[in-house]
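Asker: Following is a predicted model, sequence given first.
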Amino acid sequence: MDMPRPYRSVLYIPASKERALDKARSLDVDAIIFDLEDAVTPDAKVEARDTLKAALQEGGYGARAKIIRLNGLDSAWGREDAEAMKDAAADAFLMPKVGSAADVEALAAIIGKDKDIWAMIETPMGVMKAEEIAAHPQMKGFVAGTNDLAKELNCRFRADRLPMITSLSMMLLAAKAHGIVAIDGVYNQFKDDEGLAAECAQGRDMGFEGKTLIHPAQVAVCNEAFSPSAEEIDLAERQIAAFEETEASGQGVAVVDGKIVENLHVETARKILALAEAVSAR
């Protein structure tokens with residue numbers, strides 16, 4: 001099995017702030033979203049492109065995935081963002097408020113057919129069209145835009161996120177159906193580690209690969225939550241060993257901790273060990 005790329009912690013960094021761009025080089029994050037959209041004021045958007053291009057050209061971000069969030073193509077800056085950044089040293093381009101596969105195709109026509117694209121799923125239409133968006137050949141990842149989605153749904157923020165579960169689940173189903181990455185939305189109270197840990201655990205239980213973050217103080221909690229635990233690793237190793245032993249002998253069924261181990265359990269176990277290895281390598 002190929003070693004997966006971890007996306008446990010995905011931190012937004014303002015593309016206009018040289019100091020923040022430099023600090024990101026030393027943070028223990030798996031991925032960085034270099035933000036030209038919400039984190040940059042209108043009067044700084046044009047200059048932010050040059051600031052970001054210079055930082056990416058300088059490099060120093062190591063194995064971290066480098067994702068550029070553009071302004072929407074329907075905004076005053078989006079098309080020029082795409083033109084200016086299409087050859088930047090980045091791994092993917094993140095589109096805000098994607099509502100259809102046609103939106104993705106419009107960006108692909110500007111940046112080229114060989115570039116990876118990610119989508120912010122943050123509108124009711126984006127949720128409803130998530131499957132067709134995920135099916136686009138250049139689509140490689142979804143990011144839940146939970147703040148914008150909550151605004152559009154007119155729902156209340158609750159610790160259990162019940163009003164948003166349907167939307168998050170539809171997004172996840174589409175991502176899993178097409179084998180792309182799915183990243184959970186931000187947790188706004190960046191000084192509340194307990195609340196963050198609970199929301200990370202919920203996102204991990206649902207099937208998200210990681211979580212977007214608004215502050216470096218959230219990184220450690222997020223990395224721990226989305227990393228395989230020692231108990232999960234131990235169980236995975238024992239499941240694989242028991243299954244392979246039974247398969248080699250050709251007799252009986254594999255049992256670990258009183259539970260039958262089948263092919264699907266072994267497949268999950270191998271994914272857990274591959275992720276653990278990838279995290280260790282990071």
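Answerer: Thanks, I have the structure now. Numbers count the residues shown, from 1 in each chain.

Asker: what about stretch 84-100, average pLDDT?
Answerer: Mean per-residue pLDDT for stretch 84-100: 97.

Asker: Now it: buried residues?
Answerer: 84-86, 88, 90-99 (16 or more other C-beta atoms under 10 Å). C-beta coordinates here come from the backbone N, C-alpha and C atoms, glycine included.

Asker: What's opposite the residue positioned nearest the centre of the chain in the beta bridge?
Answerer: Closest residue to the average C-alpha location of the chain: Ile183 at 3.2 Å, with C-alpha atoms, centre = their mean. For Ile183, the beta-bridge partners are Val143, Gly210 (DSSP bridges).

Asker: That one reaches Phe142, doesn't it?
Answerer: Yes: if you go by C-beta atoms under 8 Å, Ile183 and Phe142 touch, sitting 6.8 Å apart.

Asker: In the protein, mark out all the helices, start to finish.
Answerer: 18-23, 45-58, 78-85, 101-111, 124-128, 130-134, 146-153, 165-177, 193-206, 219-226, 230-249, 263-281 (DSSP state H).

Asker: Can you tell me which of those is most buried?
Answerer: Mean neighbour count (mean count of other C-beta atoms under 10 Å) peaks for helix 130-134 among these, with a mean of 21.

Asker: Now do that one: distance to the chain's middle.
Answerer: 16 Å (C-alpha atoms, centre = their mean, to the nearest Å).

Asker: what's in contact with it?
Answerer: 98, 100-101, 103-104, 119, 121, 126, 139, 142, 170-171, 173-175, 177-178, 180 (C-beta atoms under 8 Å, 6 or more residues apart in numbering).

Asker: and what of stretch 35-54?
Answerer: Residues contacting stretch 35-54 (C-beta under 8 Å, 6+ apart): 12-18, 21, 34, 68-72, 76-77, 80-81, 84-85, 88, 96.

Asker: can you check stretch 240-250 too?
Answerer: So stretch 240-250 is contacted by 252-256, 261-263, 265-266, 269-270, 273 (C-beta under 8 Å, 6+ apart).

Asker: Restricting to C-alpha, output that stretch in PDB.
Answerer: C-alpha atoms of stretch 240-250 as PDB (Å, rounded to 0.1, in the frame of the first residue of the first chain):
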ATOM      1  CA  ILE A 240      -3.200  -8.400  10.300                       C
ATOM      2  CA  ALA A 241      -1.100 -11.000  12.000                       C
ATOM      3  CA  ALA A 242      -4.100 -13.100  13.000                       C
ATOM      4  CA  PHE A 243      -5.600 -12.900   9.500                       C
ATOM      5  CA  GLU A 244      -2.400 -13.800   7.700                       C
ATOM      6  CA  GLU A 245      -1.800 -16.700  10.100                       C
ATOM      7  CA  THR A 246      -5.300 -18.100   9.600                       C
ATOM      8  CA  GLU A 247      -5.000 -17.600   5.800                       C
ATOM      9  CA  ALA A 248      -1.700 -19.400   5.700                       C
ATOM     10  CA  SER A 249      -3.000 -22.400   7.700                       C
ATOM     11  CA  GLY A 250      -6.200 -22.600   5.600                       C
END
